[in-house]
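J.: need coordinates for the below:
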Amino acid sequence: MLLSWLYVPGDRPDRFAKAVASGADAVILDLEDAVVAGRKAYARDAVAEFLAEAHPLPVQVRVNELTGPDLDADLAALAGRPGLGGLRLPKVESAATLAALAERVDVPVHPLIESAVGLEAAYPIAAAHPAVASIGLGEADLRSDLGVSDDDGLLWARGRVVVAARAAGLAPPAMSVYADVVDLAGLAASCAAGRRLGFLGRTAIHPRQLPVIVDAFRPAEREVARAAELLAAVADAHQRDSGTVVLPDGRFADRAMVAAARRVVDLAARYAA
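T.: Numbers count the residues shown, from 1 in each chain. Alright, predicted model coming up:
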């Protein structure tokens, strides 16, 4: 389970190795919005060359949109690359189109919802194919499509994608990027709000954002203690062949609480300060 992903423009190969060493949990090399049309071929070749060998953390590639003219060239350049850990798929609006693409590749795919049409199809997209490993929002394009000017206008969309991911049996979605790389206090507050909505982790566009993201989503000591208490009570109930789990404070535990507690304990172990 990961908390941070760092985007890098695909036409900046000088930054690729630095990104891998940045402390991010995963790197996303971007062939789409971060690369102007005249540099698409250069970026594609640079990314393919970098992925000719495996790297110590997952490296994903955000390809160009599924219905656009550059996708086939992107997929051809990336095919069989040992370092390719997955594909980020922008502007997904159709489960059928996504499923057809997933059949063409042999890596996990991560569709991004960036329009009203895509948002209405969030669950079918999330459940479109076994290769779908996550679902998320591309909030810059979504803001433009919906005509909203602040985060309040995205609350329903954010909740919708959290529900779609859960309904499809996927991990909680990661938050979209926070565009102001200087405003770290704003980033922390935004992450806290996203966490309350059910998001887990966030994509970043600058290495300075990474520790803020991890701190925001890493479980606090009190959360870890409560989760460990719950899991201990469950283990004790199993030993007694009891189907009822009651915590010391009188709360009953159900399966959803157990799954959440295991996630907290696993995250705390992975991101021990």
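
J.: the stretch 101-250 of the chain: helices as residue ranges?
T.: 116-120, 122-126, 139-146, 155-167, 184-197, 210-217, 221-239 (DSSP state H, counting those that start in this stretch).

J.: closest to G68 out of those helices?
T.: Closest to G68 of those, according to CB to CB: helix 139-146, at 13.5 Å. All C-beta atoms are positioned from the backbone trio N, CA, C, and that covers glycine.

J.: give me the angle between that closest one and helix 155-167.
T.: 120 degrees (axes from the mean of the first three to the mean of the last three CA atoms, to 10 degrees).

J.: buried residues, helix 139-146. List them.
T.: 139, 141-143, 145-146 (16 or more other CB atoms under 10 Å).

J.: and stretch 215-235, by the same measure?
T.: Buried-residue list, stretch 215-235, by 16+ other CB under 10 Å: 216-219, 223-224, 226-227, 230-231, 233-234.

J.: what's the answer for stretch 190-199, then?
T.: Those buried within stretch 190-199 under the rule 16+ other CB under 10 Å are 190-191, 194-195, 199.

J.: and stretch 12-32, by the same measure?
T.: Residues of stretch 12-32 classed as buried: 12-13, 15-16, 19-20, 22, 24-32 (neighbour count, 16+ other CB under 10 Å).

J.: name the residues that touch the worst-scoring helix or strand of the chain on mean pLDDT?
T.: Lowest on mean pLDDT, DSSP states H and E among the helices and strands of the chain sits helix 221-239, with a mean of 80. Applying CB atoms under 8 Å, 6 or more residues apart in numbering, the set of residues contacting helix 221-239 from outside is 219, 243-248, 253, 257-258, 260-262, 264-265, 268.

J.: so among those, which ones count as buried?
T.: 219, 245, 253, 257-258, 261, 264-265, 268.

J.: in helices, which of those fall?
T.: 257-258, 261, 264-265, 268 (DSSP state H).

J.: alright, calling it a day.
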